[in-house]
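[1] with the sequence up front, the predicted model follows.
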Amino acid sequence: QKEVEQNSGPLSVPEGAIASLNCTYSDRGSQSFFWYRQYSGKSPELIMSIYSNGDKEDGRFTAQLNKASQYVSLLIRDSQPSDSATYLCAVNPSGNTGKLIFGQGTTLQVKP
Amino acid sequence: EAGVTQSPTHLIKTRGQQATLRCSPISGHTSVYWYQQALGLGLQFLLWYDEGEERNRGNFPPRFSGRQFPNYSSELNVNALELEDSALYLCASSPYRGRTLNQPQHFGDGTRLSIL
């Protein structure tokens, strides 16, 4: 079992629709969860952080965390073609490791 | 506020050579992290430095090493380069105070290392 798993996609949605990206993790002691967006050939850009169960909203983005199910999701409302990118789920595992464990990423395509 | 800066942008080396990559963190950040992103693979954690000390390293051979300077900038050194070292090397920084590890990591634009 991979430590952080994401569906590689591509996930294709029409412009204006809601895109839903999912991530599961194996370390029950994980405390911090992040979503990064990475355009082709570019570096990851932080878009959301979430630390406690429930929803966290920031503009068109909503992150959801369910620690009991070891599940994190990202919803993108009113998807735009500029949202087309790879979305990386990252988890800070238990212990004083400093590292983030990344999923393989989900490629999102928003079609005009 | 300036972000994380990395240099050089691209680096071309041949097998057996040594490469040095540099990183300057966001002002006020004391922790620097290095990751490798090889083609088709996810980001893999390499090293974590804080307050000038190596705090943790990932599953990479000892020829991957680095250091952090008093101004919190950092170097990643890769010795005896191999073809599979070709990758994007990303540096990230975060503030770190004791056990407060929940701060997100902010990435630089990376150094693309190509081994011929």
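    Happy to help now that I have it.

[2] close to chain A: what parts of chain B are there?
    B:31, B:33, B:42-43, B:45, B:48, B:50, B:55-56, B:58, B:88, B:90, B:96, B:99, B:101-102, B:104-110 (CB under 8 Å from any CB of the partner chain). (Glycine included, C-beta is placed from N, CA and C.)

[3] and these, which of them are in strands?
    Judged by DSSP state E, the residues of chain B next to chain A include B:31, B:33, B:43, B:45, B:48, B:50, B:55, B:56, B:88, B:90, B:106, B:107 as members of strands.

[4] in ChimeraX, select just the buried ones from the residues of chain B next to chain A.
    In ChimeraX syntax, the buried subset of these is picked out as below (16 or more other CB atoms under 10 Å in any protein chain shown):
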select /B:31,33,42,43,45,48,50,55,56,58,88,90,96,101,104,105,106,107,108,109,110
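
[5] correct me, but residue B:81 touches residue B:115?
    Yes: if you go by CB atoms under 8 Å, residue B:81 and residue B:115 touch, sitting 5.1 Å apart.

[6] overlap in contacts of these two?
    Common contact partners of residue B:81 and residue B:115 (CB atoms under 8 Å, 6 or more residues apart in numbering or on different chains): B:13, B:14, B:15.

[7] distance of the last one from chain A?
    What that stands for is residue B:15. Going from residue B:15 to chain A by CB to the nearest CB, to the nearest Å gives 25 Å.

[8] and the pLDDT for residue 93?
    Defaulting to chain A. What the model reports for residue A:93 is a pLDDT of 88.

[9] other chain: chain B
    At residue B:93, the pLDDT value in this model is 95.

[10] which ones are touching it?
    Neighbours of residue B:93 in contact, by CB under 8 Å, 6+ apart: B:4, B:23, B:25, B:26, B:29, B:31, B:32, B:33, B:72, B:105, B:106.

[11] same question, residue A:103
    Per CB under 8 Å, 6+ apart, neighbours of residue A:103: A:2, A:4, A:5, A:6, A:23, A:88, A:89, A:90, B:42.

[12] mind doing that once more with 10 Å?
    Contact analysis of residue A:103 by CB atoms under 10 Å, 6 or more residues apart in numbering or on different chains lists A:2-8, A:21-25, A:72, A:87-91, B:42-43.

[13] ok, of those, which come out buried?
    Buried among the contacts of residue A:103 (16+ other CB under 10 Å): A:4-6, A:21-25, A:72, A:87-91, B:42-43.

[14] just the ones of those in strands?
    The members of the buried ones among the contacts of residue A:103 that map onto strands under DSSP E are A:4-6, A:21-25, A:72, A:87-91, B:43.

[15] just these now: which is nearest residue A:14?
    Within those, proximity to residue A:14 (CB to CB) peaks at residue A:21, which comes in at 16.0 Å.

[16] for the spatially closest residue to that closest one that is not a sequence neighbour, which three-state class applies?
    For residue A:21, ignoring the flanking residues on the chain, the nearest one in space by CB to CB, 6 or more residues apart in numbering or on different chains is residue A:74 at 4.5 Å. Here residue A:74 is recorded as strand under DSSP: H, G, I helix; E, B strand; the rest coil.

[17] check contacts around residue A:74.
    By CB under 10 Å, 6+ apart, the contact list for residue A:74 reads A:19-23, A:33, A:35, A:37, A:47-48, A:50, A:61-64, A:87, A:89, A:106, A:108.

[18] list buried residues within these.
    Buried among the contacts of residue A:74 (16+ other CB under 10 Å): A:19, A:21-23, A:33, A:35, A:37, A:47-48, A:50, A:61-64, A:87, A:89, A:106, A:108.
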